[in-house]
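# This is the structure alone, sequence omitted:
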Ligand code: SF4
């Protein structure tokens, strides 16, 4: 931003809409060279930086992962503080409509390659809140889920098994959630808008 633009902002005031990117997400095609592609996949699978969105009670099982007993850092799994630094989004439990809005925004701010882990039965089918007026039942109607970890609540061992499953999929080039989101963007947006009544998000806001 040069001085002229800065001066203009100071005079006219800050308009947040001007600073969102409204470009649609794009499908990322894998590198053609098989050896390079395998190397990329291997590197990605062993460098899972997570954004843990503690939406529900299942999030209480996340902190033990970083303790000496489970020590997931030995698998290349680290927590990150912002969506822009993270590659794995963990939705840890039930999701209210209000929270879904923030979750969508956080997901869209993450850079590719990115993956989603649905933690707990609530993300699969609503769990014990299946008939609540204010929670969603199926996370994959709104965001692409690469791996579900069922249970109420899943123990850290189950989480580690889920990470291993995700690693396997990444190595095989089968963790395609972000591409699925880009390919079916209109379908996801329609589902999101159907449930979020006060839709005041830009169409795409990374
Ligand atoms: S699956 Fe169970 S532990 Fe997880 S958010 Fe739902 S009710 Fe809570």
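Yep, it's here. Remember, predicted model here, so these are calculated numbers, not experimental data. Residues are numbered from 1 along each chain as shown.
# Near the ligand, which residues of the protein are found?
Neighbours of the ligand within the chain, by CB under 6 Å from any ligand atom: 56-58, 93-94, 120-122, 127-128, 152-153. Glycine gets a C-beta too; all of them are placed from N, C-alpha and C.
# Give me the lowest-pLDDT entry from those.
Looking at the residues of the chain next to the ligand by pLDDT, the weakest one is residue 58, with 80.
# correct me, but that one touches residue 124?
No: using CB atoms under 8 Å, residue 58 is not in contact with residue 124; the gap is 11.5 Å.
# which one of those two has more residues nearby?
residue 58 (26 against 19; other CB atoms under 10 Å).
# What distance do you get for whatever residue of the chain ends up closest to the ligand to residue 62?
The ligand sits closest to residue 93 of the chain, with a gap of 2.5 Å, by CB to the nearest ligand atom. To residue 62, residue 93 is 10 Å away according to CB to CB, to the nearest Å.
# Looking at these two, which is more packed in?
Using other CB under 10 Å as the criterion, residue 93 and residue 62 rank with residue 93 on top: 26 against 18.
# hmm, back to that, which among the residues of the chain next to the ligand end up buried?
Buried subset of the residues of the chain next to the ligand (neighbour count, 16 or more other CB atoms under 10 Å): 56-58, 93-94, 120-122, 127, 153.
# Looking at those residues, spot the one nearest residue 29.
Set against residue 29, the nearest of those by CB to CB is residue 120 (33.1 Å).
# tell me the contacts of the closest residue to that closest one other than its chain neighbours?
Excluding its sequence neighbours, the residue lying closest to residue 120 (CB to CB, 6 or more residues apart in numbering) is residue 58, at 3.8 Å. Residue 58 makes contact with 92-93, 119-120, 122, 152-154 under the criterion CB atoms under 8 Å, 6 or more residues apart in numbering.
# So which residues of the protein form strands?
48-53, 77-79, 88-92, 115-119, 147-149 (DSSP state E).
# With mean neighbour count and distance to residue 98 added, can I get those strands in a markdown table?
Below are those laid out as a markdown table (neighbours: other CB atoms under 10 Å; distance: least, CB to CB, whole Å):
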| stretch | mean neighbour count | distance to residue 98 |
| --- | --- | --- |
| strand 48-53 | 20 | 13 |
| strand 77-79 | 18 | 24 |
| strand 88-92 | 27 | 14 |
| strand 115-119 | 26 | 18 |
| strand 147-149 | 23 | 23 |
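# could those strands go into a markdown table alongside mean pLDDT?
Listed next are the strands of the chain as a markdown table, based on pLDDT from 0 to 100:
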| stretch | mean pLDDT |
| --- | --- |
| strand 48-53 | 88 |
| strand 77-79 | 91 |
| strand 88-92 | 93 |
| strand 115-119 | 94 |
| strand 147-149 | 95 |
